[in-house]
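> Quick one: sequence and predicted model below, then my questions.
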Amino acid sequence: MPTDKGVVQGYTGVAAVDERHQIIVDAQAHGTGSEQELLLPVAEAIQPLAKEHTVVCADSGYHSEDNLKQLEDKAIEAFIPDTLYRQRDPRYEGQEQHSAKPDALWDKSEKPPAKPKLFQHCEFQVAPDLSHCLCPAGKRLYRSGTNCNIGGRQAIKFKGTQRDCENCPKRAQCLRHPQRTPIRQVAIFVGRHAKAEEKASERMKRKIDSDQGREMIARRFATVEPVFGNLRSNKGLNRFTLRGRQKVDGQWKLYCLVHNIEKLAHNGYAK
């Protein structure tokens, strides 16, 4: 499983939570590093409990074209943001100043040296007639395609020359793999391609960027995050202590059951 501190051998616990009472209605543990493939099993498991107005909300780790397409095919109403939704939401404007701060839990003495930041597409200056563009080193990249369909968007491709790129002092910032990539190529997007079909992920972006979508994101934070905080901090489940998926799944369900009993007791069921 990939984490912000490296890759670990472990399991991930997934839970679906009722918004009104924060009752866990489904809990599963899986030994996989990819969250995306865990969305549909949970979404299908809670369908017997769903009403006409039920909406599934999940975080950006579950966002994928395949997941969104299958949810549409199954007529499951969902709000799942992509990883770039914060950049489009004015509520998160200025968050860069916080993400630039060092990690308080990271051992700074062991932090690896930062890699040079690669040049972005916006740093390439395109000529008005679209015949060429200038790279950050001032060299010309010549047009190699004008009507390219890349992910449903129309793009104009430009390619550098080996003469200019081979001995360029900025190769490390321009090429992701300068040892094996001879020249720089860049694609400049100019709009939606005429032959492109709208994807499920594009429809989901419109939902997330709407007022209702932004409300659903905020409601998901207040619904499920306190539950995980209770399990990890108050109940002490900061790691699984068993081995094997069946045993770990049982341990995860047991802690979720204790959480539910506590919630029911606090809501008067103990009387």
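Noted; the coordinates are in hand. Numbering: from 1, shown residues only.
> From now on I want contacts and neighbour counts done on CA atoms only, so please keep to that.
Will do.
> Give me the below-cutoff pLDDT ranges for the stretch 1-150 of the chain.
Low-confidence segments of the stretch 1-150 of the chain, defined by pLDDT under 70: 96-115.
> change it to 80
1-5, 33-34, 94-116 (pLDDT under 80).
> all helices of it, in order?
39-45, 65-73, 85-88, 96-99 (DSSP state H, counting those that start in this stretch).
> what would those helices look like in a markdown table with distance to residue 55 and mean neighbour count?
Shown next, in a markdown table, are those (distance: least, Cα to Cα, whole Å; neighbours: other Cα atoms under 10 Å):
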| stretch | distance to residue 55 | mean neighbour count |
| --- | --- | --- |
| helix 39-45 | 10 | 15 |
| helix 65-73 | 11 | 16 |
| helix 85-88 | 19 | 14 |
| helix 96-99 | 31 | 9 |
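> of those, which approaches residue 140 most closely?
helix 85-88 (31.0 Å; Cα to Cα).
> Pull up the pairing partners for the biggest strand by length in the chain, direction included.
Ranked by residue count under DSSP state E, the longest strand found in the chain is strand 140-150. If you go by DSSP bridges, strand 140-150 pairs up with strand 132-134 (antiparallel), strand 153-159 (antiparallel).
> In contact with residue 204: list those residues for me.
68, 79, 80, 81 (Cα atoms under 8 Å, 6 or more residues apart in numbering).
> give the contact list for residue 224.
16, 17, 19, 22.
> Nearest to residue 72 among those residues?
Closest approach to residue 72 among the contacts of residue 224 (Cα to Cα): residue 16, at 19.1 Å.
> Just give the closest residue to that closest one, not the sequence neighbours.
Of all residues beyond its chain neighbours, the one nearest residue 16 is residue 26 (5.2 Å), with distances taken as Cα to Cα, 6 or more residues apart in numbering.
> Now distance to residue 168 too, for the helices of the stretch 1-150 of the chain, in CSV please.
Shown next, in CSV, are the helices of the stretch 1-150 of the chain (distance: least, Cα to Cα, whole Å):
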stretch, distance to residue 168
helix 39-45, 46
helix 65-73, 38
helix 85-88, 33
helix 96-99, 31
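> Kindly state which of the ones you listed is positioned closest to residue 209.
For residue 209, the closest of these is helix 85-88, at 7.5 Å, according to Cα to Cα.
> Run through the neighbouring helices and strands of that closest one.
Judged by 3 or more Cα pairs under 8 Å, 6 or more residues apart in numbering; DSSP states H and E, the packing partners of helix 85-88 are helix 200-209.
> Convert the helix it packs on to PDB, retaining C-alpha atoms only.
Once non-C-alpha atoms are left out, helix 200-209 reads as follows in PDB (Å, rounded to 0.1, in the frame of the first residue of the first chain):
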ATOM      1  CA  ALA A 200     -18.400   9.800 -17.400                       C
ATOM      2  CA  SER A 201     -15.600  11.600 -15.600                       C
ATOM      3  CA  GLU A 202     -16.400  14.800 -17.500                       C
ATOM      4  CA  ARG A 203     -20.100  14.600 -16.400                       C
ATOM      5  CA  MET A 204     -18.900  14.000 -12.800                       C
ATOM      6  CA  LYS A 205     -16.700  17.100 -12.900                       C
ATOM      7  CA  ARG A 206     -19.700  19.200 -13.800                       C
ATOM      8  CA  LYS A 207     -21.700  17.700 -10.900                       C
ATOM      9  CA  ILE A 208     -18.800  18.300  -8.500                       C
ATOM     10  CA  ASP A 209     -18.300  21.900  -9.600                       C
END
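> following it, which helix or strand shows up next?
Elements were assigned by DSSP states H and E; along the chain past helix 200-209, the next helix or strand is helix 211-229.
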